[in-house]
Structure formats: structure tokens, C-alpha cells
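Colleague: I would like to see how this sequence folds:
(2 chains)
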Amino acid sequence: MKETSRPSKKPNTLFFSVSATVEGGFHFLVLKEISLKSEEEESMAEDFSFPSIDPINFDLAVVGTGLPESIIAASSSSIGKTVLHLDPNSFYGGHFSSFSLHEFTSFLQSQQQQPNEEEVKDSNSSLDTNYTEIELKSQCLYSDIEITSNASSEDLEPSRKFCLDLSGPRVLFCADSVVNLMLKSGANHHVEFKSIDASFIYSEDGNLFTVPDSRSAIFKDRSLGLLEKNQLMRFFKLVQAHFGLNESTLDQEKKRISDEDLESPFIEFLTKQMLPAKIKAIILYAIAMIDYDQESPEQCKNLVKTKDGVEKLALYHSSVGRFTNALGALLYPIYGQGELPQAFCRTAAVKGALYVLRMPVRSLLFDKESRHYKGLKLASGQAVFSDQLVMGPSFIVPSPPVLSPHTDLQQEISQGSILRDINGQVARAVCITRGSIKSNISNMLVVFPPRSLLPEQVTAVRVLQLGSNLSVCPTNLFLLYVSALCDDATQGKKSLHAAINALLKCSMSKNRETSSLFPNESEVVTPTLLWSAMYIQQLTKVLEDPISSCPMPDGNLGYTNILESTEKLFQKIYPGEEFMPEAKAPENVDEQES
Amino acid sequence: MATIGNNNLNAKLVLLGDMGAGKSSLVLRFVKGQFLEFQESTIGAAFFSQTLAVNDATVKFEIWDTAGQERYHSLAPMYYRGAAAAIIVYDITSTESFTRAKKWVQELQKQGNPNMVMAFAGNKADLEEKRKVTAEEARLYAEENGLFFMETSAKTASNVNDIFYEIARRLPRAQPQNPAGMVLVDRPADRSQSAACCS
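Modeller: You can find the predicted model right below:
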């Protein structure tokens, strides 16, 4: 086998045609010839060759720099493990990354091209006879990609002023476990945040109502009647008392929600509390951020229990006011979600982890006798060894050789058994608009409860609008992230299109009404859609055996579930070790000046 | 990013240059007055801060070290973001490190903010007998590219404080800067024990 010192050249340009499903009512331009090379790559590419890594033995090798992988790298190096962190890409973050406009388009297109790379190499061709070499493959996790533009290219310049999240819409709850982890690890020093200014819920009649998500918000709310306000206030108090969040700890036991209620469906519990339908929808979809329609239990894929429902409310409530200068429950990082994996990688690097981008892994090395994982063969031809391996979600290896020591590996490869479980899908869209949905509000969340848009819409659609004050787009433009869980692409995209159209329409006709309600909102803006990308992303399960593999970004708004599975994965690799031990205060950082 | 509050300037400063050029040593000399003959590759701190008083103001530098991520050219974009100043370091005894330093300058010019103050530091000036890069050559390059140049020695402390003072002096006093967000900090009430002191 000949060793190549340069990466195999990918085709530099790709042609991309756009399907003409006209929903939005604007015309499409065919995007063509988009270079796959990022700006950054070009700068240092001239003298690029694979470096030789030194040392070659590690406790842990991590392939891929998505958020879970980065957290595992940071946590492992914090407990003194030697870590080699590789990524075949030239950027950090994997599926959790934020891209410039050009990079975003190129990335999605490159994902679409992947599946035809099917070649099974002779696994016994390894030069080193001590190891069985199994080729590492990557799988495509995006489909039905549709990119449309009705803007001239100058409108979308400069490309690098955009930071488009691949995993949007996504925010952090102030009380999110990822926030706790950042504080513990010191990663918080590398990222700055801004609050999401407001949340809205869409009602079937086409109106957007402010989500009364805290006591003061209930008090200020103009759309609720006095009775409704009291009902909601009483319910919030009930939940807070259950978690002991109230100041008074008297009669704590009496105030707990009964075990029987906790096990019952959340929707039944809400009904038992005599809450009207409108309030129930607010609690279920705009505060607890539940996806599936809870009102029709027969069809509901995931009927949420009271104990899970109130836990989500508690997360929301403890988020409000956690940080003195954060307005509401939700935060967004300046420059996009892609900053988070970078922050954890930097934390890991500070603790001694070794970082190598642009380094594909060719194959995994298994011991011939024991059939245990031993190491990696890199694209450079170099072999590196580690006790443990964690991989990002797009990598797949043929069926576990350790579990079946006597089966022929070759045979298993040809049978196509792979280590990957697909666990549903999520439809995502990113739109660039000129003009905000709501005048005077730049960063906001809008929730469309199930069936509020279409009778067949079984899951909630969430929309996050972000403005240039987050440094994610040029001034005067806005980003809209839209997502919904779905069974198939058609269904998912239909919901997304309906939500986008409803927002553009409703801000057009409703701005008049709101301006009469809020006299200071005099300026009436009608947002126009300049560009959009829509795609279906597969949701993958975390795998623990025999090789640990991290999850894709899930369909949730926050990071709670991703963090939970990441922690479990860490505990599996290093049982009994503390997940992200507290870092010392950064050296020589003086106290905040007044 | 450089932000102002009554003549107090906060400025993020990044160090770039090849492994072994002496980036961490310069920082340690400046911040702690220390020098270690065999400084380890990574210094185990995310960043250091040091406050300087210049004529009209105090400048608090937040100094970011590469944490070794430059070794395989894997610095995250986060590293450059919002940096008000940069010191590009090379080793005067290595022409290769000088060539690489010029690459870092190009990279910075592409990524960084146009108002960034850039210093070009020829480090290890105490090793005169092993010199491979002349001061003239480096000065010429620096002038052509809008950098200011100094030869430094973290070992003898020569020009170390000077280079930071010069940066502080050159920082624009009023900078239209990136929107400032909040850094998440545990509220004092939540903090179980305040970190007393470090060395």
C-alpha cells in the first residue's frame, strides 16, 4: 500500500440544483460552483502536508470536535488523561459548528455527496501483522437539502459576517447543565452571551402572544384575563413549591405533587388543575418545550409524564434570574453556537490535550488475538495508539469485532452491519431576512404548538430569530432558525414552510395591531426573506459498545439531553471519575473592577 | 476586545508564533517576572491578565496563550476573535520560525480586526552567537506590514515590559468594537469559597 503524504483531493466544485417546490412564493436561483475550500484553508494550504504526530501513545483518542466530543476531551484531560483530539475537518465543532454563508452551503452540499463513497478495502492488507485493520467510514446524516435565494449576492455580503448554526434553533437555558459545565471548567471565560429578549406563542388565529414565563411577565401581560393570570400564577407556585424553590420551606411535604400525579400524563395533571386550553398550550409547548401533541394521546409518540413536565418547568424557572444581567431564561452565544465546542477544546488544550485538525482517520486497529481496539491509522499513514476511543456521530465502523471473536470480520463488513442507530429525524431551516418579525425586538423565540398551523402538524415548530447584535449576521439582517421533529421529510418541511409563511404574513398584518397595543412600537417593518436553507437531519443514538460514539445535535432547544448522554458516556469510559472537575480560578485574574 | 470605562481599557492580547519561539516565556516574564530554562510546551492557564498604567489610562491586558493548539495549526477562530493586540513571536536563532511568523502575520491580517495593534518580537535576543535572523531584515518586514518591531529576551527580561508598554500606548483610545455580551460568572452567593490566591 502506498502512503500518500497529501490528502486525497476532493472535487473542488460541485454543481447543485434546487428542487422547485414553490411554497414560499418566491423564485429560486440555482447556486452553482461553490468552492469547497474555506477561506481559512486556502491561506495555509500551500505548504500543507500531514504532520507527523508525536507522541503516539495516549489514554484517549477522540475523533471529531462536536460538542459532546469536546466536552469529553476537556473532562478527560482535566482528570489527568492524555488526550489526542483529531478532526478530519479544517474547522472545530462538527455538526455543532457555525459557518460563514459560503461554508454553510458547501458543508451541506458536501454532505449530500458522501454516500457514493463505497469501497471496502481488504482489511488484511495491513503492513503490521499484529493488528487487524478495519476501515473507518463516514455516513451521511443530512438529506433533502434545499437551498433557495431570492437576493442578489451583494445583499448577502460579506459571507464571513454570517455565523450560521448547523444545529439551530438552539439556545442555552441559564440553568442548563452546559452552563454549569462551562462555569466548572473555566470554559465560560471564552464565550460571551446575550439574552433572548422575548418568547412568543402563535395562536391559531394568527396572532403572536408574549409567553408569560415568570411572575413579573404574568403581571405585565396584556393578553391574559385576571382569572387566567391567577390560574397561571397559582400553577407556577405549585411547581416551585414542589421543587422547594420557594423562600418558605414550611409545609414542604404537603406541597409536593403526589407520586400518583407525577406518574400520570402531564396533560391530565394540567387539566386537573383546571387550566384553560390556552394556558395549557403555553405551559406545554412554550415553557416546557414539549414536541409532540399531548392533546391526542392515542397518536402521541411521546406522552410526557407530570414528573418530566414539571422538571422542564423547573429548569425554565430556575433559569429566570440566575444571572443578574440576563433578562429571561434563555441565552445565546455571541458568534453562534459553534463557539461552545471551541471553548471546551481550548479548555482541553490548556489541560494538555493535543489538537490536530485536517487529519482524517483511515482505519481502526484491533488486536489480532484479543480483538480489542488498539489504535488508529491516520490518513498520513501513521499509527497512533490509545486505550480508549470516542468518535463523533458521522463515523461508522463495521460490526463489533470484540463481541464476536470468532466471526470473520470480512464477512461482517460485506453484510453491511454497521454500528449506528438512527433514532428519528428533525427538519431544520435557516433563513436570512431583512427586517424583524417584531419591531423593536431583535432576538426572540416563537413557538407554534402542534396543529396550530396545519391539522397534520403533529409536533411543535420552534423559531429563533437572531439579529446582528449577536455578531451572527450583517447589520439590518436577521437569521431565522426553524425546526420540527418529523417522521418524513415531506411532513417536516411542510410544517417549516407553514411556520415561515405564517411569521412573514403575521408580522405584516399584525404589526398594525400591536402598534396600537404598544404605542411606542410605531415603526412597521415587514420582513422579507432573502435566503433559506432547509434540510433533514438524522437523530442518532449514543453508542457505548464496543466503541463509544457521541450523539448528533438533538431536536431540542437546549443542551440538557445532549449533556446527559455525554456524561453517561464519560462515566462509561472512566467509571468513578468526576465529570469535569472544577478548574482552579484562572491565574492572576483580578477581581472585577467596579 | 478593547473596552473603555473611565480611562480603564480592557484589551485582549493574543500571542502567535511557532512552538518553541518563546510565547509563553514572554508572558510569564511579563506577568510573573519568571523565566524557566525549560518551559513546558503548554503553561496550563487559559489566560493571564496584567494591568499597566500608561500616561492617561490604565490598560488591563487579557493575554491569551495558544495552549499548544498552534502546534498542528489547529487554532480555533475563537482565539483571534475580538483581539485588540497581537504579538507575533519568532526565535532569532531560527530562520524557519521567522518564515512561520510571517505566515502568522498573514493569517492575522485575514482574520483579525483592522485596528489591531501588532507587535513583531524577535525573541531569544540573548543568544547573539547563534543568531540567524538579522534585526534589519525583521525591522524591514515589520515596517512594510504595519507592525512595530522589537528584539526581546524572556531570559534576561530585555524589552519584555517595553513591548507590552508600547502596545498599551498604541491601543486606540476609542474603538468602535464588537457588541459586548456578558461573561457568565457564578454569583458570589453561589460561590462556596473564593479562590484565595495563586502563588
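Colleague: any bit of the longest helix seen in chain B sitting next to chain A?
Modeller: Among all segments of chain B classified by DSSP state H, the helix with the greatest residue count is helix B:95-111. Yes: shown here: helix B:95-111 in contact with chain A (CB under 8 Å from any CB of the partner chain) through B:103, B:106-107, B:110-111. (Each C-beta comes from the backbone N, C-alpha and C, glycine too.)
Colleague: Neighbour count and pLDDT added to those residues, as CSV?
Modeller: Listed next are those as CSV, based on neighbours: other CB atoms under 10 Å in any protein chain shown; pLDDT from 0 to 100:
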residue, neighbour count, pLDDT
B:103, 18, 92
B:106, 12, 92
B:107, 18, 87
B:110, 13, 83
B:111, 18, 76
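Colleague: could I get those residues as JSON lines with distance to residue A:371?
Modeller: Formatted as JSON lines, the residues of helix B:95-111 next to chain A follow (distance: CB to CB, whole Å):
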{"residue": "B:103", "distance to residue A:371": "45"}
{"residue": "B:106", "distance to residue A:371": "48"}
{"residue": "B:107", "distance to residue A:371": "44"}
{"residue": "B:110", "distance to residue A:371": "48"}
{"residue": "B:111", "distance to residue A:371": "46"}
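Colleague: Which one of the residues you listed is nearest to residue A:443?
Modeller: Set against residue A:443, the nearest of these by CB to CB is residue B:111 (25.6 Å).
Colleague: State the number of residues packed around the nearest residue to the closest one once chain neighbours are set aside.
Modeller: Setting aside the residues directly before and after it, residue B:111 is nearest to residue B:80 in space (CB to CB, 6 or more residues apart in numbering or on different chains), at 4.5 Å. A count of neighbours around residue B:80, defined by other CB atoms under 10 Å in any protein chain shown, yields 20.
Colleague: try residue A:154
Modeller: As a burial measure, residue A:154 scores 7 neighbours (other CB under 10 Å).
Colleague: same check, this time on residue A:226
Modeller: The number of residues packed around residue A:226, counting by other CB under 10 Å, is 7.
Colleague: Same question for residue B:162.
Modeller: Burial of residue B:162, expressed as a neighbour count using other CB under 10 Å, amounts to 12.
Colleague: which residues of chain A score low on pLDDT?
Modeller: Segments of chain A classed as low confidence (criterion: pLDDT under 70) are A:1-48, A:113-128, A:245-254, A:299, A:398-422, A:506-525, A:545-546, A:584-594.
Colleague: Three-state assignment for the residue lying closest to residue A:81 once chain neighbours are set aside, please.
Modeller: By the measure of CB to CB, 6+ apart, the closest residue to residue A:81 outside its immediate chain neighbours is residue A:59, 4.0 Å from it. Taking DSSP: H, G, I helix; E, B strand; the rest coil as the rule, one finds residue A:59 in the strand state.
Colleague: OK, contacts around the closest residue to chain B within the stretch 51-200 of chain A?
Modeller: Closest contact between the stretch 51-200 of chain A and chain B, by CB to the nearest CB, is at residue A:192 (3.3 Å). Neighbouring residues of residue A:192 by CB atoms under 8 Å, 6 or more residues apart in numbering or on different chains: A:333-334, B:180-183.
Colleague: Would you mind stating the distance between the residue located most distally from the centre of chain A and residue A:372?
Modeller: When distances to the mean C-alpha position of chain A are computed (CA atoms, centre = their mean), the maximum falls on residue A:129, with 41.6 Å. Distance of residue A:129 to residue A:372, computed by CB to CB, to the nearest Å: 16 Å.
Colleague: re earlier: switch the contacts of residue A:192 over to TSV; also include neighbour count, secondary structure and distance to residue B:162.
Modeller: Shown next, in TSV, are the contacts of residue A:192 (neighbours: other CB atoms under 10 Å in any protein chain shown; DSSP: H, G, I helix; E, B strand; the rest coil; distance: CB to CB, whole Å):
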residue	neighbour count	secondary structure	distance to residue B:162
A:333	27	strand	37
A:334	21	coil	34
B:180	14	coil	30
B:181	20	coil	34
B:182	15	strand	35
B:183	14	coil	30
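Colleague: quick one, strands of chain B?
Modeller: Counting by DSSP state E, the segments of chain B that form strands are B:3-5, B:8-17, B:47-54, B:57-64, B:85-91, B:117-123, B:148-151.
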